[in-house]
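# below are the sequence and a predicted model; questions follow.
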Protein chains: 4
Amino acid sequence: MSISSMQALLADFAARRGWEPFHTPKNLAMALTGEAGELAAEFQWLDTEESAQVMNDPDKAHAVRMEMADVLSYLLRLADVLGVDLEAALKEKVAINEGRFPTEVSMTRDVDR
Amino acid sequence: MSISSMQALLADFAARRGWEPFHTPKNLAMALTGEAGELAAEFQWLDTEESAQVMNDPDKAHAVRMEMADVLSYLLRLADVLGVDLEAALKEKVAINEGRFPTEVSMTRDVDR
Amino acid sequence: MSISSMQALLADFAARRGWEPFHTPKNLAMALTGEAGELAAEFQWLDTEESAQVMNDPDKAHAVRMEMADVLSYLLRLADVLGVDLEAALKEKVAINEGRFPTEVSMTRDVDR
Amino acid sequence: MSISSMQALLADFAARRGWEPFHTPKNLAMALTGEAGELAAEFQWLDTEESAQVMNDPDKAHAVRMEMADVLSYLLRLADVLGVDLEAALKEKVAINEGRFPTEVSMTRDVDR
């Protein structure tokens, strides 16, 4: 399923419920932070080892998957509404980061990883 | 470019810089909230109309696209590290939401849209 | 009730439940993003006018107040654990912002307001 | 410095710059998520031990203090604009949590701590 197919699915879902007027870029960006916060909440009290084992608990795994789906949904809707090509944006950002973090000098800690 | 291709690109980027030890689920979920917050910051002082016009300003458009790429990158990395199939998760969530928000009764406001 | 009194109340609450080992700076910062996201969620589908009227609905008002209390709680706990004087930090930040945003030239839009 | 004094300082700062029209509840809640995300970013790649030592590095300590001040500023502004008494809200939330998490049964993990 391509990104554009997922976007079409979500656009149709919103349209059939009359939600389009609420799906402004500002509102969608705000909703995205809420869902990112809910996803983070699944990990907030776990230590590193526990966070790596989170998918071994079926209930927890389901919660994590559904929160990730929520984040993805709003990101896809926002891209659709703004006309942003997410694949192209990702490739451009990776190219920029290739310049910012040359492999020979990035084996130490940086802010962005 | 499929989701798995984008994930392979990002996994390779991280591996070549020795960043894998930092890419724990907890850390990636936390990084995702930071990027979602930066994306939100692009819209925080804009009114509805301005937020809809944000891509008409080339500098602002570039900033928005790059913040969206950052959010996508961490979401893809997190899914990769956790073994989550994002497409399947999205479809499952949409199916759940079909039940939660029947089209005939969802033309009014709800928390989740 | 002073900031330090509120911090003492929260520290005692955590201590009596054996939660101190979980209240690391990293975990508290992560929990704060989750609560900020929940607070934002109260406003995400509201337009400007509706957001200004949110306290007129008793249920909504209660939800907003409780989310704000959650954000404040984690911020106070984080400050306590890190030994940060929030009042001093606020004054220092305001002084910095006085320099960044001189009153005579700040009557137009800036990123930070 | 009381909460209301800090709010008066921030209200004056905003008023002298003509920022009041931008300080709607929705915008302030959104700005708060951005600042919470920036605060989280200070901790995202640190392990538990490193996060506990973060204040030993003067540059990092300053960054953390200033991000905490930003979070506090927007929370105080939001409370001011909404007419929320943060101290009363905090006490009410603690009382609610006393009921939700009785001390005799809360020595194990829960979602909210």
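Structure received.
# report the helix or strand with the lowest average pLDDT across chain A.
Of all regular secondary-structure elements in chain A, judged by mean pLDDT, DSSP states H and E, the least confident is helix A:48-52 with a mean of 91.
# what packs against it?
helix B:25-41 (3 or more Cβ pairs under 8 Å, 6 or more residues apart in numbering or on different chains; DSSP states H and E). Using the backbone N, CA and C atoms, a C-beta is placed for each residue, glycine as well.
# now do the helix it packs on against helix A:25-41, angle only.
Interaxial angle, helix B:25-41 versus helix A:25-41 (axes from the mean of the first three to the mean of the last three Cα atoms, to 10 degrees): 160 degrees.
# about what we covered before: what's the least confident helix or strand of chain A in contact with?
Applying Cβ atoms under 8 Å, 6 or more residues apart in numbering or on different chains, the set of residues contacting helix A:48-52 from outside is A:43, B:24-26, B:29, D:47-48.
# how does it look with 7 Å?
Contacts made with helix A:48-52 from outside it, assessed by Cβ atoms under 7 Å, 6 or more residues apart in numbering or on different chains, are listed as A:43, B:24-26, D:47.
# what residues of it count as buried?
By neighbour count on 16 or more other Cβ atoms under 10 Å in any protein chain shown, the buried set for helix A:48-52 is A:50-51.
# tell me the first helix or strand C-terminal of that helix.
helix A:58-82 (DSSP states H and E).
# so who does the closest residue to chain C within chain A touch?
Scanning chain A for proximity to chain C using Cβ to the nearest Cβ identifies A:G37 as nearest, at 2.2 Å. The neighbours of A:G37, taking Cβ under 7 Å, 6+ apart as the test, are B:33, C:33-34, C:36-38.
# returning to what we had before: JSON lines for the contacts of helix A:48-52, including neighbour count and distance to chain C?
As requested, the contacts of helix A:48-52 are arranged in JSON lines below (neighbours: other Cβ atoms under 10 Å in any protein chain shown; distance: Cβ to the nearest Cβ, whole Å):
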{"residue": "A:F43", "neighbour count": "26", "distance to chain C": "7"}
{"residue": "B:T24", "neighbour count": "21", "distance to chain C": "11"}
{"residue": "B:P25", "neighbour count": "24", "distance to chain C": "12"}
{"residue": "B:K26", "neighbour count": "26", "distance to chain C": "8"}
{"residue": "D:D47", "neighbour count": "17", "distance to chain C": "8"}
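# so for the residues you listed, which is the shakiest by pLDDT?
Among the contacts of helix A:48-52, D:D47 carries the lowest pLDDT, at 92.
# for it, what are phi and psi?
Reported as degrees, to the nearest 10, the phi and psi values for D:D47 are phi -80, psi 180.
# show me what contacts it?
A:T48.
# quick one: the residue nearest to A:K26 when sequence neighbours are not counted from C:G37, how far?
Across the structure, with Cβ to Cβ, 6 or more residues apart in numbering or on different chains as the measure, the residue nearest A:K26 apart from its sequence neighbours is B:S51 (3.7 Å). Relative to C:G37, B:S51 is positioned 19 Å away (Cβ to Cβ, to the nearest Å).
# and A:Q53, by the same measure?
If you measure A:Q53 against C:G37 using Cβ to Cβ, the figure is 24 Å.
# in chain A, which ranges drop under the pLDDT threshold?
A:105-113 (pLDDT under 70).
# show me what from it comes close to chain C.
Contact residues of chain A with respect to chain C, defined by Cβ under 7 Å from any Cβ of the partner chain, are listed as A:22, A:27, A:30-31, A:33-34, A:36-38, A:40-41, A:44-45.
# save those as TSV, and put in distance to A:V94 too.
Shown next, in TSV, are the residues of chain A next to chain C (distance: Cβ to Cβ, whole Å):
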residue	distance to A:V94
A:F22	32
A:N27	29
A:M30	27
A:A31	26
A:T33	23
A:G34	27
A:A36	21
A:G37	26
A:E38	27
A:A40	24
A:A41	29
A:Q44	29
A:W45	32
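# now A:M66: closest residue in space, sequence neighbours ignored.
With Cβ to Cβ, 6+ apart as the criterion, A:M66 has its nearest non-adjacent residue at 5.5 Å, and that residue is B:K93.
# my guess is that neighbour contacts A:M68. True?
No: the pair B:K93 and A:M68 does not pass the contact test of Cβ atoms under 7 Å, sitting 8.9 Å apart.
# who's more crowded, these two?
The neighbour comparison of B:K93 against A:M68 (other Cβ atoms under 10 Å in any protein chain shown) goes to A:M68, with 26 against 18.
# OK, contacts around the more buried one?
Taking Cβ under 7 Å, 6+ apart as the definition of contact, the neighbours of A:M68 are A:39, B:75, B:78-79, B:84, B:86, B:89.
# buried subset of the contacts of A:G37?
Applying 16+ other Cβ under 10 Å to the contacts of A:G37, the neighbour count classes B:33, C:33-34, C:36-38 as buried.
# same list, those, but as TSV with distance to A:D12 please.
As requested, the buried ones among the contacts of A:G37 are exported to TSV (distance: Cβ to Cβ, whole Å):
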residue	distance to A:D12
B:T33	29
C:T33	31
C:G34	31
C:A36	31
C:G37	27
C:E38	28
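# quick check, nearest of the residues you listed to C:E104?
The shortest distance between C:E104 and any of the buried ones among the contacts of A:G37, using Cβ to Cβ, involves C:A36 and amounts to 32.8 Å.
# touching, the closest one and D:T33? I think so.
Yes: with contact defined as Cβ under 7 Å, C:A36 and D:T33 form a contacting pair (4.6 Å).
# quick one on the thing from earlier: adding distance to A:A15, write the contacts of helix A:48-52 out as a markdown table.
Putting the contacts of helix A:48-52 into a markdown table (distance: Cβ to Cβ, whole Å) gives the following:
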| residue | distance to A:A15 |
| --- | --- |
| A:F43 | 34 |
| B:T24 | 39 |
| B:P25 | 34 |
| B:K26 | 37 |
| D:D47 | 46 |
